[in-house]
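Enquirer: model this:
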Amino acid sequence: MNNGSASIVELFSSIQGEGVLVGLRQAFLRFHGCNLACEYCDTRSDEPPEEALLEETPGRQDFLRERNPVPLERVARLLQLWESALPGIHHSLSITGGEPLINHRCLQEWLPELRAILPVYLETNGILHHALSEVIPHLDYISMDIKLPSSSGCTGLWEEHRRFLKIAARTTVFVKAVVSAETEDWEILRTAEMIAEVNPRITCILQPVTRADGTPGIAPIRALEMQEMAGRCLTDVRVIPQTHKFMGQL
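Expert: Residues are numbered from 1 along each chain as shown. Prediction:
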C-alpha cells in the first residue's frame, strides 16, 4: 500500500460459489499473495501483477486494466457506480485472495470506507490471528478455512486455527474444510471438536475437493460419513462443493 493505494488482482461481480452464502451475488476484491501453498490452490502467483483487472459493468467481464497500485478511491467509486446501477443486487463485498490478511495494514484503511458501501465478507485461510484482531471491527462475515493436512498439504496449523476462530467468533463466522478421498477420520473429529470448543453452533462446511473435470473428489457415502462424524459435536454441518466452477462463474 502507498498513500491509500494497494496492489490488487481484480475487482469483479459474481455468484458466491462456496459456504453458507452460496448462490448469493457478491462483489469480489481479490488481493495478491498468500502465506501458505495449499496443494489444491487455484490462485497461485509468485509476483504481484503490474495491472489490476476492474470490471466496468458488474458481472459482464468487461475488464478495464488499471496500473497497480490502485487507489482506494478508484475501487470505492466503482463499487458505488455498481450499486447505483443495480441497487441491492450485491449481498456483500468479498475480500479475498490469496490470503487478504497479509494486507491487514491496507485493510485497516480501506475497510471502513468500503463497508459504507457494502457489508464486508472476509475469505481467509484462518491462520493470521494477530492480523484478524486488527481488522475484525470492520468485518460483518468471516469465511474461515481449516487446512486439513490430507487435502491441503499443510501441517501444524491447529493451534493457529484455534486462536483465529476464537477471535472470529466475535462476528458472524463459518468454518470451511476442504476434504478429499485421503482425508482421515481424526482430521474431521479434530476440526469438529475445535469448533465446538468455541461454539458448537458455528456452521461447519465440508467442501469436497474439486477434480480437474469439475466433479467432487470424494465418494457420496464418504461425504455422509464425514458429516455424521462432525455432527457428533456440532449442530450445523453441511456438505457443499464448489458450485461456481460447474456454473462457469468466475
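Enquirer: and the helices in the chain?
Expert: For the chain, helices defined by DSSP state H occupy the ranges 72-85, 104-115, 129-135, 149-152, 158-168, 185-198, 220-230, 243-247.
Enquirer: who does the fourth one touch, helix- and strand-wise?
Expert: Contacts of helix 149-152 with other secondary structure elements, assessed using 3 or more C-beta pairs under 8 Å, 6 or more residues apart in numbering; DSSP states H and E, are made with strand 172-179. Glycine gets a C-beta too; all of them are placed from N, C-alpha and C.
Enquirer: buried sites along the strand it packs on?
Expert: Of all the residues in strand 172-179, those buried under the rule 16 or more other C-beta atoms under 10 Å are 172, 173, 174, 175, 176, 177, 178, 179.
Enquirer: and that strand, average pLDDT?
Expert: Across strand 172-179, pLDDT averages out at 97.
Enquirer: how about the CA coordinates for that strand, as PDB?
Expert: The C-alpha coordinates for strand 172-179 follow below in PDB (Å, rounded to 0.1, in the frame of the first residue of the first chain):
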ATOM      1  CA  THR A 172     -20.700 -14.000  12.100                       C
ATOM      2  CA  VAL A 173     -18.300 -16.800  11.100                       C
ATOM      3  CA  PHE A 174     -18.500 -20.200   9.500                       C
ATOM      4  CA  VAL A 175     -15.700 -22.700   9.000                       C
ATOM      5  CA  LYS A 176     -14.900 -24.500   5.800                       C
ATOM      6  CA  ALA A 177     -12.700 -27.600   5.400                       C
ATOM      7  CA  VAL A 178     -11.700 -29.000   2.000                       C
ATOM      8  CA  VAL A 179     -11.900 -32.800   2.200                       C
END
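Enquirer: wait, residue 114 touches residue 77, no?
Expert: No. Here residue 114 does not reach residue 77: they are 11.3 Å apart, not a contact under C-beta atoms under 8 Å.
Enquirer: what about the two, which has more around it?
Expert: residue 114 (20 against 12; other C-beta atoms under 10 Å).
Enquirer: OK, contacts around the more buried one?
Expert: Taking C-beta atoms under 8 Å, 6 or more residues apart in numbering, we find residue 114 in contact with 29, 75, 76, 79, 93, 120.
Enquirer: can you rerun that using 7 Å?
Expert: Neighbouring residues of residue 114 by C-beta atoms under 7 Å, 6 or more residues apart in numbering: 76, 79, 93, 120.
Enquirer: now the phi/psi pair for the closest residue to residue 154 other than its chain neighbours, please.
Expert: Spatial nearest neighbour of residue 154, chain neighbours left out: residue 147 (4.3 Å); criterion: C-beta to C-beta, 6 or more residues apart in numbering. The phi/psi pair for residue 147 (degrees, to the nearest 10) reads phi -90, psi 100.
Enquirer: what about residue 147, how many residues close to it?
Expert: 22.
Enquirer: I'd assumed residue 153 was in contact with it.
Expert: No. Residue 147 is beyond contact range of residue 153, at 8.5 Å (criterion: C-beta atoms under 7 Å).
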